[in-house]
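Enquirer: Give me the fold of what follows.
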Amino acid sequence: MEELGITILVTPELSLQELIERAVSHIAPFESGNKGIGGTMTSGEAKTPLIYSLKTALPNPFANNTTICYSIAKPGKVSLRVYGITGRFIKTLENGKKDAGIYNVRWDGCNNNNCKVAAGVYFTRLTSGDSAFVKKIIL
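Expert: Predicted structure coming up:
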């Protein structure tokens with residue numbers, strides 16, 4: 001079974017009722033080419049996410065490459081990195097400033113030196129603002 005968790009950024013300006021109303025009225029599928037797998041909450045026409053999220057990579061497990069989908073609610077520094085099961089750093093996929101939005105990043109199973117890594121369990125870690133997320137990937 002695929003894990004499709006969702007995280008909602010709650011700000012002090014939003015009442016619980018406003019948050020629920022926005023959540024219900026702004027759910028839209030990720031634009032990842034994955035036939036609506038996953039989802040995010042957006043703020044109207046511009047499809048600006050109201051949440052920070054890191055989705056499970058697809059396909060997972062993978063052999064050649066996988067797509068990692070994430071969203072950020074506010075412009076800022078984003079870091080998306082891959083780590084081995086022991087916590088050893090493998091590769092930086094994103095590192096820099098991004099506008100609020102929904103992003104897709106491909107990982108080809110290679111490290112920062114462009115060498116293919118061994119089959120096994122890996123983790124993606126997204127940090128942006130005060131948020132951090134980790135998801136498991138199997139190569």
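Enquirer: okay, CA-based contacts and neighbour counts for the rest of this
Expert: Will do.
Enquirer: low-scoring stretches of this structure, by residue?
Expert: Flagging of the chain using pLDDT under 70 yields the residue ranges 1-50.
Enquirer: Show me where it has its helices.
Expert: Using DSSP state H, the helices found in the chain span residues 16-25.
Enquirer: what's around the closest residue in space to T127 that isn't next to it in sequence, how many residues?
Expert: Nearest residue to T127 in three dimensions, chain neighbours excluded: S79, at 5.2 Å (Cα to Cα, 6 or more residues apart in numbering). Residues within reach of S79, counting by other Cα atoms under 10 Å, total 17.
Enquirer: I51 now?
Expert: Using other Cα under 10 Å, the number of residues around I51 comes to 23.
Enquirer: Then the one 10 residues further on?
Expert: A total of 16 residues lie near P61 under the criterion other Cα under 10 Å.
Enquirer: Contact partners for it?
Expert: Residues near P61 by Cα atoms under 8 Å, 6 or more residues apart in numbering: I137, I138, L139.
Enquirer: Please tell me which one of those counts the most neighbours.
Expert: Greatest neighbour count in the contacts of P61, by other Cα under 10 Å, goes to I137: 23 neighbours.
Enquirer: Which residue ranges of this structure form strands?
Expert: Taking DSSP state E to define them, one finds strands in the chain at 27-28, 40-41, 53-54, 66-72, 76-84, 89-98, 101-107, 121-128, 131-138.
Enquirer: And the fifth one, what's buried?
Expert: Okay, so that is strand 76-84. Within strand 76-84, the residues scored as buried using 16 or more other Cα atoms under 10 Å are V78, S79, L80, R81, V82, Y83, G84.
Enquirer: same thing with stretch 61-68?
Expert: P61, F62, N65, T66, T67, I68.
Enquirer: right, and the fourth one touches A57 too?
Expert: Yes. The pair T66 and A57 qualifies as a contact (Cα atoms under 8 Å) at a distance of 6.1 Å.
Enquirer: quick one: which of the buried residues of stretch 61-68 is nearest to D108?
Expert: Distance to D108 across the buried residues of stretch 61-68 (Cα to Cα) is lowest for N65, with 4.2 Å.
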